[in-house]
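S.K.: next input, structure requested:
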Amino acid sequence: MPPRSTRKRKPASRTSPTSPTQQRLWLMYPQRLIQKPLIWELGHRFKVVTNIRQAKVTDEIGIVCLEIDGPRKDVQAAIRWLEKVGVNVEPVEISVVES
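M.R.: This next block holds a predicted model:
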């Protein structure tokens, strides 16, 4: 092994698109999407695992705190898909109190 001073350093790596990530999000469903199984569909369309942390659904709106785990690129694609179908997606700013 060469002395320390002559060893080449590996460049600092950026986060890989395949590295695992976890995000907590607030999802706000409009009335027309409340009956759709969108969270179920996320798990089938993308390589993500979903965990509903909190939810409140009325006849007019659905609000869900969702945790998404998976490869970074799949989590990002899942979020883009939710927004594309009409769900308002916001990051959770503070820890959600579980009830």
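S.K.: neighbouring contacts of the lengthiest helix in the chain?
M.R.: Counting by DSSP state H, the longest helix found in the chain is helix 72-85. Helix 72-85 is touched from outside by 15-23, 25, 27, 33, 38, 42, 45-48, 68-70, 89, with contacts defined as C-beta atoms under 8 Å, 6 or more residues apart in numbering. Placement of C-beta: from N, CA and C, glycine included.
S.K.: now stretch 34-51
M.R.: Outside stretch 34-51, the residues that touch it by C-beta under 8 Å, 6+ apart are 29, 52, 57, 59, 61-62, 64, 66-71, 74-75, 77-78, 81-82, 85, 87.
S.K.: how about 6 Å then?
M.R.: With contacts defined as C-beta atoms under 6 Å, 6 or more residues apart in numbering, stretch 34-51 is touched by Gly62, Leu66, Glu67, Ile68, Asp69, Gly70, Pro71, Asp74, Val75, Ala77, Ala78.
S.K.: identify the bridge partners of the fifth one.
M.R.: Put plainly, it is Asp69. With DSSP bridges as the criterion, Asp69 is bridged to Gln22, Val49.
S.K.: these two touch, right, it and Arg24?
M.R.: No. Under the contact definition of C-beta atoms under 6 Å, Asp69 does not touch Arg24, with a separation of 10.3 Å.
S.K.: got the confidence number for the spatially most central residue of the chain?
M.R.: Nearest to the geometric centre of the chain sits Ile68, at 3.8 Å (C-alpha atoms, centre = their mean). Note on Ile68: pLDDT of 97.
S.K.: if I pick it, what's in contact with it?
M.R.: Ile68 neighbours (C-beta under 6 Å, 6+ apart): Gln23, Val48, Thr50, Val75.
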